[in-house]
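Asks: what would the 3D arrangement of this be:
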Amino acid sequence: CCAGSVTFNQLCHVAGTYDGSTVSVYVNGTLVGAAGGNGAITPSHNPINLGRDPSGNGRKYNGLIDEVRIYNRALNQLEIYAAYSGMPPLTSLPSTGPIVPELAPLQQVMTNAMANHEVNAATLALMKNSKLVFRQGYGWANKHLSAVTHPDNLFRLASVSKMLTASAIIKLVNQGAISNGTPVYSYLGIPPWGGVLADRRITNITIAELLNHSGGWNTGISPVGEFSTLEISQQMGLHYPAAPTNVISWTFGTRPLDFTPGTSNVYCNFGYEVLGRVIEKASGMPYVDYIQNVLLGPSVIANPIGFNNVMQSHSRPTDLAPWEIWYDDSGGWGQALVDYPRIINAAAADGGWYYFESFDSFGGLSASAIGLCGYLRNYWEGGDQRYPGENYGWGYTFFGGLPGASTVMYQGITESPNATNGLEFVALFNGSHGTGGPSNDACDGLQSVATNITSWPTNGGGEIHWETAKTNIAPLQECSGGFSLSGIEV
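Replies: Residues are numbered from 1 along each chain as shown. The predicted structure follows:
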């Protein structure tokens, strides 16, 4: 559709015609764009591209496409009106959760971030003085925009997963299962692909150095293997998508270090992929099982509605957990690596070019915002376990981003035997368009408006769980992992 013809989240009927030379697009019965060749609709492509200008750039339409018909002739105006009646626009995103009037500015921050980055689903859980005071969902839980987002829907965390990995490593160190100085190469015993280490200094890398991003890899200079699933699978002759141990073996055998371990700090996903295998060996459990059952435990992991608050991420939409959100992103299409060696294309948010299952410890967890608040109550973000009444302060922010995910977890707390003071929140979005990201906007905005809120709920608005009678939508009924209003899908 032509720029400006529809607004974000407007519900429209879209019709496309192609008469052999000209492509025309109609929205709610009105002609809004026409072009020759690869115009607003490109019928020769699979899938059909909707909402792109003639050069193929720029997303122009982000409404609900309920039906698309491609004709081999131009339709006249009467035929267009007869086939496609207009629908009223949605003036705002739906929101769900307990109503806390004095905290309305928090909701405005979230909906502004969604509008600015064309995001269809988000959730926020916020604690004041480590008491849950705000818990809401925004937008749509499914790609058809027919079920509203529940505050506890699961979202991919992307790199925020690293915070749980770090706390798990520290917990195992404190228990004596491993030490900060444990050399990871000899400890894991994963042989380098080809039989020879690409760099002998790999034998010196310690757990603490991986934890602190000082293991020796600088992906800005020489990319390592965490995003090279297809290349690794092909080179190693695998008949399945490369698993983390395959990625580690390949990297050990093909990628020299960029600096001596411990002499510099460069953000490195691969180091946390290795730490996931350390957790598995030290605990004798699969990574996700350890996070769920030991790091978090039943009180945090079990959602009262009947699902786990933290789970393994998956690539295929059909493999997502029942309470997991849908993922929307403009990252293009590529080979679905979860299906390797079969060649099947998928959107990036659905595993095109990415194999989310292998990202576990550096970016492959999905979680609810409320579940991560449970984590923050029990651990310093990315750090040690919290204990009631200890004298400690911690300020930490961590962001995550992948196709279909823009996330942030924030903890700014001071604690003493007499009081706990500060702000903590988790904001999760199911995608991002444009520069920056909604999680960046939310992080800055939430901290800013929080400084001007003078009346905070004393008992925690969010502590009144979903059964509260005072919510901002009327009777809710379950609808495919989301909710409908009074039994009618929105």
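
Asks: now do the strands in the stretch 251-400 of the chain.
Replies: Using DSSP state E, counting those that start in this stretch, the strands of the stretch 251-400 of the chain run over 302-303, 307-308, 310-312, 333-335, 345-347, 365-367, 392-402.

Asks: partners of the fourth one in the sheet?
Replies: This means strand 333-335. strand 345-347 (antiparallel) (DSSP bridges).

Asks: which parts of the stretch 201-350 of the chain are helices?
Replies: 207-211, 229-235, 244-254, 269-283, 287-290, 298-301 (DSSP state H, counting those that start in this stretch).

Asks: including distance to residue 350, mean neighbour count and mean pLDDT, could these go into CSV?
Replies: Glycine gets a C-beta too; all of them are placed from N, C-alpha and C. Output for those, formatted as CSV (distance: least, CB to CB, whole Å; neighbours: other CB atoms under 10 Å; pLDDT from 0 to 100):
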stretch, distance to residue 350, mean neighbour count, mean pLDDT
helix 207-211, 30, 22, 98
helix 229-235, 15, 19, 95
helix 244-254, 21, 22, 97
helix 269-283, 20, 23, 98
helix 287-290, 20, 20, 98
helix 298-301, 26, 15, 94
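
Asks: ranking the strands of the stretch 251-400 of the chain by burial, who's on top?
Replies: Across those, averaging neighbours per residue (mean count of other CB atoms under 10 Å) puts strand 365-367 on top, at a mean of 29.

Asks: what ranges of the stretch 301-450 of the chain fall below the confidence cut-off?
Replies: Scanning the stretch 301-450 of the chain for pLDDT under 70 picks out 330, 434-435.

Asks: let me see the contact set for residue 446.
Replies: Going by CB atoms under 8 Å, 6 or more residues apart in numbering, residue 446 touches 106, 109, 124, 126, 410, 423, 425, 427.

Asks: thought residue 397 was touching the fifth one, still the case?
Replies: Okay, so that is residue 410. Yes - using CB atoms under 8 Å, residue 410 is in contact with residue 397, at 4.8 Å.

Asks: quickly list what's touching both of the two.
Replies: In contact with both residue 410 and residue 397: residue 443, using CB under 8 Å, 6+ apart.

Asks: before we move on, the earlier item: out of the helices of the stretch 201-350 of the chain, which gets nearest to residue 321?
Replies: Checking those against residue 321 by CB to CB gives helix 287-290 as the closest, at 11.9 Å.

Asks: for that closest one, name the packing helices and strands.
Replies: helix 269-283, helix 360-363 (3 or more CB pairs under 8 Å, 6 or more residues apart in numbering; DSSP states H and E).

Asks: what about the shortest one, distance to the chain center?
Replies: Centroid displacement of helix 360-363 relative to its chain, using CA atoms, centre = their mean, to the nearest Å, is 12 Å.

Asks: now do the first one
Replies: When C-alpha coordinates are averaged (CA atoms, centre = their mean), helix 269-283 and its chain have centres 21 Å apart.

Asks: other SSEs contacting that helix?
Replies: Using 3+ CB pairs under 8 Å, 6+ apart: helix 269-283 touches helix 161-174, helix 184-188, helix 207-211, helix 244-254, helix 287-290, helix 360-363.

Asks: next, the angle helix 269-283 makes with the fourth one.
Replies: Compare the direction of helix 244-254 with that of helix 269-283 by axes from the mean of the first three to the mean of the last three CA atoms, to 10 degrees and you get 120 degrees.

Asks: contacts for helix 244-254?
Replies: For helix 244-254, the external contacting residues (CB under 8 Å, 6+ apart) are 185, 188, 190-198, 202, 224-226, 228-229, 232-233, 235-236, 238, 242, 270, 273-274, 276-277, 358, 360-361.
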